[in-house]
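[1] here's a sequence, model it:
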Amino acid sequence: MSEKIVKNYYQGIYLTETIMGNPNGDFVDNSPRNFDGKVFTTDKCIKFNVRRYINETMENIKDKKDIVFFYPRLSKDAEKDDAKYQTKDDIFKEIFGNDFDALKMNSPDVRMFGGTFSFTETGSKQIYGPIQLSYGKDINNAQIKRLQIGAPFATMDGQQTTTGSEAVVDDAIISYDITINPNNYPGLLKESDLKMFKESLWYGTNLRKSTSKKTDSKLLILIKFKNEREGEKVTALNIGELKELIAIKNGNERKNVDTPIKKIEIDTTQLNQKLEKYKDFIEKIMIYRDSADVDINLDVNGINEHQISLEEPTVLLNGD
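    Below you'll find the predicted structure:
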């Protein structure tokens, strides 16, 4: 029995928070990416989180199932601590036998995000993936802080010296746009891929933890649009960027170091107004948030309570 494919267009907002960490470092000095101090992130850092989660929790090399193609893999002769990695051609031949259809069939990250492929055996190919994420933009007026760091080892004369600085944000709440358009490659994205994407997006991002790099998922809103078209193509209605249509009500209050960290209070006034204009085209709105961390009340005139689901993120682990 063939798997069900995604037959609806979706748009959404994904929100993360980084407190005293680096949401996405640049290539120059690993400072938080920014334009004139305004913090932003790339889509690639989020896609990496998704791929890493699938690789660590779902990938089955033995049965060639749920293989994450765009993920670094050590060369066969590499030691565990070596930084020697296989090429795309190596992986393509070893796992998929130079069969591009097998790659598409067994690589969920390719079905989600697509990619550009250049292989010796099959030539160049390109897939524009159905799931696309925008660059993320901070909506909490985050400030970049520079901290001096010291070396763990002493110099020849026994003195410890400061080796440089580390840059973090005080409290960045990053908002991303998500679009899911099956028309980008009809028949490619499966319903199981969409479920996997939501779980991996939320929990894969939460796994990104180190001394400087730490980010937590806070909110995921997915708007499912009605599909009134038969056949391979689906009804696709893009209502514009949504990521800046939400705001943080209590940003300054939460940054006050003299008070305990409080829930993020989401102001959806502008989003409500936008969705009201397109209410006749909306089938369902799914909201995932941890009620201990986030308060949100999406109230759209013309959209009834049965069309809006407000869920704890744990439901994503059950494949919701």
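[2] can you give me phi and psi for Ser75?
    Main-chain torsions, Ser75, degrees, to the nearest 10: phi -60, psi 160.
[3] check contacts around the closest residue to it other than its chain neighbours.
    Distance criterion CB to CB, 6 or more residues apart in numbering; nearest residue to Ser75, sequence neighbours excluded, is Lys84 at 4.4 Å. Quick note: C-beta positions are derived from backbone N, CA and C, even for glycine. Lys84 sits next to Leu74, Ser75, Asp77, Ala78 when contact means CB atoms under 8 Å, 6 or more residues apart in numbering.
[4] switch to 10 Å and redo it
    Leu74, Ser75, Lys76, Asp77, Ala78 (CB atoms under 10 Å, 6 or more residues apart in numbering).
[5] try Asn24
    18, 30-34, 39-46, 48, 135-136, 172, 174, 213, 215.
[6] let's see that with 8 Å instead.
    The contact partners of Asn24, by CB under 8 Å, 6+ apart, come to Pro32, Arg33, Phe40, Thr41, Thr42, Cys45, Gly136.
[7] quick one, which of those residues are buried?
    Neighbour-count burial (16 or more other CB atoms under 10 Å) applied to the contacts of Asn24 gives Pro32, Arg33, Phe40, Thr41, Cys45, Gly136.
[8] these in strands, which ones?
    Residues of the buried ones among the contacts of Asn24 located in strands (DSSP state E): Phe40, Thr41, Gly136.
[9] so where's the stretch 1-150 of the chain shaky on pLDDT?
    For the stretch 1-150 of the chain, applying pLDDT under 70 flags the ranges 1, 150.
[10] can you map out the helices along it?
    43-57, 88-96, 100-106, 108-113 (DSSP state H, counting those that start in this stretch).
[11] of these, flag the one that's most buried.
    Per-stretch averages of neighbours, counted by mean count of other CB atoms under 10 Å, single out helix 108-113 among the helices of the stretch 1-150 of the chain, with a mean of 24.
[12] report the beta-bridge partners for the closest residue in space to Leu220 that isn't next to it in sequence.
    Nearest residue to Leu220 in three dimensions, chain neighbours excluded: Tyr288, at 4.3 Å (CB to CB, 6+ apart). For Tyr288, the beta-bridge partners under DSSP bridges are Leu220, Glu311.
[13] Tyr288: how many residues sit nearby?
    Residue crowding around Tyr288 was assessed by other CB atoms under 10 Å; the count is 24.
[14] can I assume it is in contact with Val315?
    Yes. Counting by CB atoms under 8 Å, Tyr288 does reach Val315; the two are 7.4 Å apart.
[15] overlap in contacts of the two?
    In contact with both Tyr288 and Val315: no residue, using CB under 8 Å, 6+ apart.
[16] rewinding a little: could you list which of the contacts of Lys84 belong to strands?
    Going by DSSP E, the strands hold none of the contacts of Lys84.
[17] out of those residues, what pair is the most spread apart?
    Leu74 and Asp77 (9.0 Å; CB to CB).
[18] ok, those two, which is more surrounded?
    Taking other CB under 10 Å, Leu74 and Asp77 do not tie; Leu74 has more neighbours (14 against 7).
[19] return the member of the contacts of Asn24 nearest to Pro186.
    Thr42 (27.6 Å).
[20] against Gly136, how distant is that closest one?
    8 Å (CB to CB, to the nearest Å).
[21] then Glu244?
    Glu244 is 11 Å from Gly136, by CB to CB.
[22] Ile144 too?
    Applying CB to CB to Ile144 and Gly136 gives a distance of 15 Å.
[23] number of residues surrounding Asn30?
    Count around Asn30 with other CB under 10 Å applied: 14.
[24] wait, doesn't it sit right on Gly164?
    No. Using CB under 8 Å, Asn30 is not in contact with Gly164; the gap is 10.2 Å.
[25] and Thr42, what does it touch?
    Asn24, Arg33, Tyr135, Gly136.
[26] that one and Asn24: what is the separation?
    Taking CB to CB, one finds Thr42 at 6 Å from Asn24.
[27] now do the same contact list for Ile91.
    Phe69, Arg73.
[28] any idea how far Gly21 is from it?
    With CB to CB as the criterion, Ile91 and Gly21 are 32 Å apart.
[29] now Leu275. Nearest residue, chain neighbours left out?
    Val300 (4.6 Å).
[30] that neighbour should be in a strand, yeah?
    No. Counting by DSSP: H, G, I helix; E, B strand; the rest coil, Val300 is not part of a strand but coil.
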